[in-house]
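Asker: sequence unknown, structure follows:
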């Protein structure tokens, strides 16, 4: 993200309107489908079930977990490690993934009675603090759980979406990823759409754009519909 955000900090005209960014991406990719999962605990399991797997492999792993083991804490804790390992082998480091799945189930059962519905409806700061107890769930992950479960209207961003917005001039890169993330959130605080559908769509389109065109290295700026508003693209065209 370094070069992208150093350039964006030098913008003189400011970033483009957020609504225009999302509209351009919708024209490029079409409206995204609904998220694969929407229940809070299922979202956490989905995020952890296959480490560094692509979307299709992750979906396959989650469906295997659902069909062969079940998605309740009791079912996961009762499953054999070998069964969980086979499912986790859709990604890398399956043994570590098995321990994460078991830890998720244990935390959900012991701390929250096996159900996170009341947790995600707490005040945002309290809900995030509770969700961060789970493996691999930091601020962005907690935001995603709150958004996709339609519990809190927050624009969640993965690393792809964050990279796109930083290059467009929303916020700037800070010393840590978490600080960069908050910088973008602060920059967008007064211009976000209302309603869960629009926020979920924004998350999905920004993520896809980062995956398909706005790569970390060697992005395809020449075919990007946002290039006229992107300081990073402009810097590359003049270098």
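Answerer: Structure's in. What do you need? For clarity, every value in this text was computed on a predicted model and none was experimentally measured. Residues are numbered from 1 along each chain as shown.

Asker: Now find how far off-centre the biggest helix by length in the chain is within its chain.
Answerer: Identified as the longest helix of the chain according to DSSP state H is helix 94-112. Here the centre of mass of C-alpha atoms in helix 94-112, compared against the chain's by C-alpha atoms, centre = their mean, to the nearest Å, lies 20 Å away.

Asker: Can you give the contact residues for that helix?
Answerer: Contacts of helix 94-112 with the rest of the structure, by C-beta atoms under 8 Å, 6 or more residues apart in numbering, involve 41, 44-45, 48-51, 65, 72-74, 76-77, 81, 84-85, 88, 91, 114-116, 118-119, 130, 133-136. Every C-beta, even on glycine, is put in place using the N, C-alpha and C of the backbone.

Asker: give me the element residue 116 is part of.
Answerer: Here residue 116 sits in a region with no helix or strand, counting by DSSP states H and E.

Asker: just to revisit the earlier point, show me just the buried residues among the contacts of helix 94-112.
Answerer: The neighbour count (16 or more other C-beta atoms under 10 Å) marks 41, 44-45, 48-51, 65, 73, 76, 84, 88, 91, 116, 119, 130, 134-135 as buried among the contacts of helix 94-112.

Asker: before we move on, back to that, pLDDT of the longest helix of the chain, averaged?
Answerer: Helix 94-112 carries an average pLDDT of 97.

Asker: what comes up buried for that helix?
Answerer: 94, 97-98, 100-105, 107-109, 112.

Asker: hmm, back to that, could you list which of the buried ones among the contacts of helix 94-112 belong to helices?
Answerer: Among these, the members found in helices (DSSP H) are 41, 44, 45, 48, 65, 73, 76, 84, 88, 130.

Asker: close enough to count as contact, the third one and residue 69?
Answerer: No. Assessed by C-beta atoms under 8 Å, residue 45 is found out of contact with residue 69, at 10.1 Å.

Asker: okay, and the common contacts of those two?
Answerer: Taking C-beta under 8 Å, 6+ apart as the contact definition, residue 45 and residue 69 share the neighbouring residues residue 76.

Asker: Helix, strand or coil: sort out the residue lying closest to residue 25 once chain neighbours are set aside for me.
Answerer: Spatial nearest neighbour of residue 25, chain neighbours left out: residue 205 (4.1 Å); criterion: C-beta to C-beta, 6 or more residues apart in numbering. Secondary structure state of residue 205, per DSSP: H, G, I helix; E, B strand; the rest coil, is helix.

Asker: quick one: contacts for residue 205?
Answerer: Residues in contact with residue 205 (C-beta under 8 Å, 6+ apart) are 22, 25, 26, 29, 32.

Asker: which among the residues you listed end up buried?
Answerer: 22, 25, 32.

Asker: what's the closest of those residues to residue 58?
Answerer: residue 32 (15.9 Å; C-beta to C-beta).

Asker: I figured that closest one hits residue 208, correct?
Answerer: Yes. The pair residue 32 and residue 208 qualifies as a contact (C-beta under 8 Å) at a distance of 7.1 Å.

Asker: How confident is the prediction for the spatially most central residue of the chain, by pLDDT?
Answerer: With distances taken as C-alpha atoms, centre = their mean, residue 158 lies nearest the centre of the chain, 3.4 Å away. The predicted local confidence for residue 158 comes out at a pLDDT of 95.

Asker: Report pLDDT for residue 238.
Answerer: The predicted structure scores residue 238 at 61 on the pLDDT scale.
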